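quick one: sequence plus predicted model below, questions after.
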Amino acid sequence: MKNPLRALILGLITLILPAFADNHDTPETVATAWVQEVMGENFDKAFDAVYASPEFLKEVEMSQEALIKALKERIQLSRDSVKKHQGVENITIDKLEYSEDKTQATAYFTIKTKDGENIKNEVPLSQINGQWRIGK
């Protein structure tokens, strides 16, 4: 089985998405909230506060707007795949790995679809000013 959310991870490697950091203070809650938003009705809201470092934008030779557009397109493909499985039943964080200095983490998660399919993936997180954010 192909991993339909793989594109999501590839697009997030150096992004920081602070949209959920105010209400969620652990990597688990930030990762879960963000995946729920991008898979749910608030798809566009998940991208309201997207930030990519100037270094990353220079590296990929894209503007912030172009990067967000490309990321949305990739994630929409993943959303379409999940919809084929009748939507999300729940999201479970299976494992969390921290960097040595505890400022970065990777959340490994499973999306269980309503038709019983389990889709596994991972999302990188970084701690910025004491708050956990999606991205590296």
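Received it, and whenever you're ready, just let me know what you need.

flag the shaky bits of the protein, pLDDT-wise.
1-24, 48-53, 136 (pLDDT under 70).

can you pull out the helices in it?
In chain order, the chain shows helices spanning 6-12, 27-39, 54-60, 64-84, with DSSP state H as the criterion.

please name whichever of the ones you listed is nearest to residue 92.
Residue 92 lies closest, by CB to CB, to one member of these: helix 27-39, at 8.4 Å. To be clear about C-beta, it is placed using only N, CA and C from the backbone, and glycine gets the same treatment.

counting by contacts, list what that closest one packs against.
For helix 27-39, the helices and strands in contact under the criterion 3 or more CB pairs under 8 Å, 6 or more residues apart in numbering; DSSP states H and E are helix 64-84, strand 88-98, strand 104-113, strand 118-128, strand 131-134.

chain center to it: distance?
Taking CA atoms, centre = their mean, to the nearest Å, one finds helix 27-39 lying 7 Å from the centre of the chain it belongs to.

stretch 64-80 too?
Using CA atoms, centre = their mean, the offset of stretch 64-80 from its chain centre is 11 Å.

quick check: buried residues in that stretch?
67-68, 71-72, 74-75, 78-79 (16 or more other CB atoms under 10 Å).

which pair in these has the greatest spatial separation?
The two members of the buried residues of stretch 64-80 with the most space between them (CB to CB) are 67 and 79, at 18.3 Å.

quick check: closest non-adjacent residue to residue 117.
The spatially closest residue to residue 117, leaving aside those adjacent along the chain, is residue 85, at 4.5 Å (CB to CB, 6 or more residues apart in numbering).

quick one: the one you found from residue 112, how far?
Counting by CB to CB, to the nearest Å, the gap from residue 85 to residue 112 is 9 Å.

equivalent analysis for residue 54, please.
Using CB to CB, we find residue 54 at a distance of 38 Å from residue 112.

same question, residue 55
According to CB to CB, residue 55 stands 37 Å off from residue 112.

from residue 105, how far off is residue 45?
Residue 45 sits at a distance of 23 Å from residue 105 (criterion: CB to CB).

ok, the two, which is more surrounded?
Comparing residue 45 with residue 105 by neighbour count (other CB atoms under 10 Å), the higher total belongs to residue 105, at 21 against 13.
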